[in-house]
Every structure is written in structure tokens, then in C-alpha cells.
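In: Task: produce atomic coordinates for the following.
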Amino acid sequence: MKIVIFSSHNFERESFIEANKAYGHDLRFLDISCNSETASLALGYKCISVFTTDKLDLECLSILAKGGIELIALR
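Out: Okay, here's the model as predicted:
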């Protein structure tokens with residue numbers, strides 16, 4: 001599965017990469033937060049992972065849904 005990880009921090013990247021070895025997902029790490037201006041960066045992906053400071057308002061969620069996002073993982 002193709003996954004975009006918004007608001008990724010250096011301290012968590014190694015953990016994601018290590019845990020993903022058993023699954024083989026296509027991970028894309030972004031330092032920027034997810035919001036209505038950046039949601040289009042997830043086009044072509046099935047899943048996003050967002051941090052508590054990301055802003056998933058109605059506009060953002062609409063963009064993500066239209067772009068094919070099927071799963072939003074919170075962290």
C-alpha cells in the first residue's frame with residue numbers, strides 16, 4: 001500500500017522503516033503538515049498518516065476523499 005506520512009519527525013522515521021520491513025508498504029515521508037493546501041500531495045496514495053497538529057477540516061477531507069484516500073491513520 002502507498003502511504004504518505006505527514007508531519008513526519010526524524011525520531012519516528014527509523015521506527016516506521018523498521019516496522020515496515022515485514023509489510024513492504026511504499027512509504028513517503030513529508031515534513032509538512034496535512035491541511036487543505038497540502039492534501040493534494042497525497043494523490044495516488046491509499047493511506048495517509050497524520051499527526052495531532054495536522055488540520056483535517058471538511059475541505060481537507062474532501063480533497064483527500066476525491067483523491068482516493070481510503071484510510072487515515074492517526075498518531
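
In: hey, where'd the helices end up in this structure?
Out: With helices called from DSSP state H, the chain shows them at 10-20, 58-66.

In: Return the most buried member of these.
Out: helix 58-66 (a mean of 14; mean count of other Cβ atoms under 10 Å). The way it works is simple: take the backbone N, C-alpha and C, and place the C-beta from them, glycine included.

In: other SSEs contacting it?
Out: Using 3 or more Cβ pairs under 8 Å, 6 or more residues apart in numbering; DSSP states H and E, no helix or strand is in contact with helix 58-66.

In: now stretch 46-62: mean pLDDT?
Out: Average pLDDT, stretch 46-62: 98.

In: Need the helices of the chain in TSV (columns: distance to residue 75).
Out: Below are those laid out as TSV (distance: least, Cβ to Cβ, whole Å):
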stretch	distance to residue 75
helix 10-20	8
helix 58-66	16
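
In: So for the protein, the centremost residue is which one?
Out: residue 48 (2.7 Å; Cα atoms, centre = their mean).
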